[in-house]
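> give me a 3D structure for the following:
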Amino acid sequence: MQDSSYDLERLDVVFDDDHSVPNAGVLLVARLSEVLGIEEITDRCVRLGKRVGAYRPGRKLLTLMHSIILGGDFINDIRVLRAGSTCNVLGHQVMAESTCGSFLRSFTFGHVKQLDRVSGILLKRAWGHGCGPGDNPVTIDLDSTVARTYGTKKQGTGFGYTKVVGYHPLIATRAATGEILHIRQRTGSAGSGRGMKQFISETMARIRRAGATGQVTLRADSGFFSMGFIKRLVDLGVPFSITVPKNKAVVRLTTNIDDGSWTPIVYPDGGVGEVSETKYKTYRLVVRRTRPTPTNQTEMWPDWEYHSFITNREGNVVFLDADHRKHAVVELAIRDWKQGAAGDHNPSGVFPANAAWTVIAALAHNMIRWTTALGMGTTGPVVTKTVRRRYLTIPGRATQRSRRTIMHFPTNWPWADEFLAAIRRLQALPPPA
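Coordinates of the predicted model:
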């Protein structure tokens, strides 16, 4: 017979605890928000004039950002921030859903640029506290992605090369950490390389202002291959490696490579790979040819598959090829931004509102990385789902004692020691000057 203490038929449910905090771990991010001065810098930089939602934009941005960090995909998910005593650990007033919706719809392209400025200042402040590369080398992975929408009624949506309706944002990430250094919302019909010259100039200026003084390298796929873009990178002093599409000139150059100049490389899953190089318009053209894992089928068709990229970097071809293949990590950062920080959802029918949402979602994505870097000493890429499960969505209960708020968490929480160490480190950080 089942013990009565485990009998769910004897369980009563009542929603009446004003002291409970369903996502008490968000206090880690809330503390970092205070350290970075997000509300203050947003109030100073985002000027909406006499538009609806112009008053105190910092509170609205924090409300949206904290909702996204806790897994909110929609504006209505803000309601969870009012549950129990959650407001007591956020450090700001939680704004209404309708107010935040009006706030987003008040944006124009110029106001989104103001929000970009906020993002750049916060990057500088976070890097100043220890998240930045300093004088170490930085690798930027440039890519674009499709933020899918269901229907074509949203302003700016369209079909791109993927034949999927939605938007087509441009993204620059830091390879070592997965941070989004810069993001720009674009219409769905925009090509991969549209606006990339201005975008990379803004990205370079942003990371230099943020304190990155070391060598910066850029990696990109064939969607960004353009001699005009390459000239911009050369003018900026940025070494690059960019995949080259298989045009006639590239095919001719690869077929003319001498058989004795190929160098074997270690290729995944037992496949066969070799690399060599030639010249393409005064730049190095590194070529990799591969054969899949030997099978009966590959023995029948033993032809090589060729992959080429153009570069002005120094080093042997084996190293350059291996480093260029690491450009694939940008897909992990984009996936985490989409699935973990609402990057794959655009809540409004107005294009500038969705552009503002995209920047705020990127800021939420970065806040999770900065929180783990400054609080837990995690220097590499993190997975938002893991951080949220272990540290942010912990249930708690707030009580008062001696004029101090005490947050009670569940006993035997598996990651209690890491959480306590993180809150101590974040509380020791000085506020912005």
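> neighbours around Glu9, how many?
Look at Glu9: counted by other C-beta atoms under 10 Å, it has 6 neighbours. Quick note: C-beta positions are derived from backbone N, CA and C, even for glycine.
> what sits against it?
Under the criterion of C-beta atoms under 8 Å, 6 or more residues apart in numbering, Glu9 has no neighbours.
> repeat for Ser20
83-85, 395-398.
> and the residues you listed, which of them are buried?
84-85, 396-398 (16 or more other C-beta atoms under 10 Å).
> looking at these, which is nearest Val238?
Distances from Val238 to the buried ones among the contacts of Ser20, taken as C-beta to C-beta, are shortest for Gly396 (46.2 Å).
> dig out what that closest one forms beta bridges with.
Val21 (DSSP bridges).
> kindly report the same for the one 5 residues further on.
For Arg401, the beta-bridge partners are Arg404 (DSSP bridges).
> that one and Leu115: what is the separation?
In this structure, Arg401 and Leu115 are 40 Å apart, going by C-beta to C-beta, to the nearest Å.
> could you do Ser102 as well?
16 Å.
> so, low pLDDT: which residues of the chain?
1-5, 292-302 (pLDDT under 70).
> how many other residues sit next to the nearest residue to Lys124 once chain neighbours are set aside?
Nearest residue to Lys124, sequence neighbours excluded (C-beta to C-beta, 6 or more residues apart in numbering): Ala210, at 4.1 Å. Using other C-beta under 10 Å, Ala210 has 20 other residues around it.
> pretty sure Ala210 sits against Leu123.
Yes: taking C-beta atoms under 8 Å as the definition, Ala210 is a contact partner of Leu123 at 4.8 Å.
> so between Ser102 and Leu115, which is more surrounded?
Leu115 (21 against 17).
> tell me who's in contact with Ala126.
Taking C-beta under 8 Å, 6+ apart, one finds 36, 132, 366, 370, 374 in contact with Ala126.
> my error: substitute Pro414 in the last question.
Arg390.
> likewise for Asn23?
Residues near Asn23 by C-beta under 8 Å, 6+ apart: 70, 80, 86, 392-395.
> repeat that for Ala147.
166-169, 338, 343-346, 358.
> can you show me the strands along the stretch 51-200 of the chain?
Along the stretch 51-200 of the chain, counting by DSSP state E, counting those that start in this stretch, strands occupy 138-144, 147-148, 158-159, 165-167, 170-174, 180-184.
> same deal with the stretch 201-350 of the chain?
Under DSSP E, counting those that start in this stretch, the stretch 201-350 of the chain gives strands at 216-220, 240-243, 263-266, 272-280, 283-291, 305-311.
> what separation is there between the residue most central in space within the chain and Thr145?
Central residue of the chain (C-alpha atoms, centre = their mean): Ile180, 4.0 Å from the mean position. Going from Ile180 to Thr145 by C-beta to C-beta gives 11 Å.
> overlap in contacts of the two?
What both Ile180 and Thr145 touch, as defined by C-beta under 8 Å, 6+ apart, is the set Ile171.
> what distance do you get for Ile257 to Val329?
29 Å.
> do the same with Val238
19 Å.
> next one: Tyr267
Counting by C-beta to C-beta, the gap from Tyr267 to Val329 is 18 Å.
> greatest separation within the contacts of Asn23: which pair is it?
Val80 and Ile394 (14.1 Å).
> more neighbours, the two?
When Val80 and Ile394 are compared for neighbours, Ile394 comes out ahead with 23 against 18, by other C-beta under 10 Å.
> so the more buried one touches Pro410, yeah?
Yes: under the criterion of C-beta under 8 Å, Ile394 makes contact with Pro410 at 7.2 Å.
> and the helices in the stretch 51-200 of the chain?
With DSSP state H, counting those that start in this stretch as the definition, the stretch 51-200 of the chain shows helices at residue ranges 57-69, 87-90, 97-105, 109-126, 196-209.
> okay if I get those helices as CSV plus distance to Ala322?
Formatted as CSV, the helices of the stretch 51-200 of the chain follow (distance: least, C-beta to C-beta, whole Å):
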stretch, distance to Ala322
helix 57-69, 35
helix 87-90, 45
helix 97-105, 43
helix 109-126, 29
helix 196-209, 24
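> buried deepest among those, which one?
The highest average neighbour count among those, using mean count of other C-beta atoms under 10 Å, belongs to helix 57-69 at a mean of 25.
> which residues are in contact with it?
26, 29-30, 33, 38-43, 46, 48, 53, 75, 77-78, 80-81, 90, 92-95, 99-100, 103-104, 115, 118, 341-342, 357, 360-361, 363-364, 367-368, 388, 392.
> quick one, which of these are buried?
26, 29-30, 33, 38-39, 41-43, 46, 48, 53, 75, 77-78, 80-81, 90, 92, 94-95, 99-100, 103-104, 115, 118, 341-342, 357, 360-361, 363-364, 367-368, 388, 392.
> right, and the helix or strand after the helix ranked longest in the chain?
Using DSSP state H to define each element, the chain has its longest helix at helix 351-376. Downstream of helix 351-376, the next assigned helix or strand under DSSP states H and E is helix 384-387.
> other SSEs contacting that next one?
helix 329-340, helix 351-376 (3 or more C-beta pairs under 8 Å, 6 or more residues apart in numbering; DSSP states H and E).
> chain center to the last one, what's the gap?
This points to helix 351-376. Relative to the chain's own centre, helix 351-376 is displaced by 7 Å; criterion: C-alpha atoms, centre = their mean, to the nearest Å.
> can you name every helix or strand that that helix contacts?
helix 27-36, helix 57-69, helix 97-105, helix 109-126, strand 180-184, helix 329-340, helix 384-387, helix 416-428.
> return the first one as PDB; C-alpha atoms alone will do.
Output for helix 27-36, consisting of C-alpha atoms alone and laid out as PDB, is shown next (Å, rounded to 0.1, in the frame of the first residue of the first chain):
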ATOM      1  CA  LEU A  27      18.800  37.900  -9.400                       C
ATOM      2  CA  LEU A  28      22.200  37.000 -10.900                       C
ATOM      3  CA  VAL A  29      21.300  38.700 -14.100                       C
ATOM      4  CA  ALA A  30      19.600  41.500 -12.300                       C
ATOM      5  CA  ARG A  31      22.700  42.300 -10.300                       C
ATOM      6  CA  LEU A  32      24.800  42.400 -13.400                       C
ATOM      7  CA  SER A  33      22.200  44.700 -15.000                       C
ATOM      8  CA  GLU A  34      22.800  47.100 -12.100                       C
ATOM      9  CA  VAL A  35      26.600  46.800 -12.400                       C
ATOM     10  CA  LEU A  36      26.400  47.600 -16.100                       C
END
